[in-house]
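*Asks:* Could you work out the structure for the sequence below:
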Amino acid sequence: MKFKKGDEIMVTLGKDSGKKGKIEAIFPKEGKALVNGVNVYKRHTKPQGEGKKGGIIDLPKPLDVSKIGLICPKCSKLTRVGYSVDKKSKISKASLRVKMRICRKCKGAI
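*Replies:* The predicted structure follows:
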């Protein structure tokens, strides 16, 4: 999964296209992401017993990752995510490789 919790994204398709937000949760098995303030639906509930009132509740639903795009923190553009593998240092005769996410537009690390 190329997206992580806390990434700044923009919705590219659907009823909320153009909206920006941060990822709150990722569901990699379903290929979905929960974004703050995006894809919010209304749920009408009945009163459940004496203590709980009925009413209209805002219910955020996860978005498919194919409908969102990452906003690069350095260049502030909508971009795709790429990877680069660098050799950091040699520790005990074995080279340590680090896999980093990079912006496809400005080539900066995300």
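
*Asks:* contacts, neighbours, all on C-alpha from now
*Replies:* Fine.

*Asks:* Sticking with the residue nearest in space to the middle of the chain, tell me its helix or strand.
*Replies:* Per Cα atoms, centre = their mean, the C-alpha nearest to the average position across the chain is that of residue 23, at 3.9 Å. Residue 23 is part of strand 20-27 when elements are defined by DSSP states H and E.

*Asks:* Give me the next element, helix or strand, following that strand.
*Replies:* Downstream of strand 20-27, the next assigned helix or strand under DSSP H and E is strand 32-35.

*Asks:* Would you mind writing the CA trace of whichever helix or strand comes after that following strand as CSV?
*Replies:* Going down the chain from strand 32-35, the next helix or strand is strand 40-45, by DSSP H and E. Presented in CSV, the C-alpha positions along strand 40-45 are these (Å, rounded to 0.1, in the frame of the first residue of the first chain):
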residue,chain,number,x,y,z
VAL,A,40,-19.5,11.4,5.1
TYR,A,41,-23.1,9.9,5.1
LYS,A,42,-26.1,10.6,7.3
ARG,A,43,-27.5,7.8,9.5
HIS,A,44,-31.0,8.2,10.9
THR,A,45,-31.3,6.3,14.3
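
*Asks:* count of neighbours near residue 3?
*Replies:* 20 (other Cα atoms under 10 Å).
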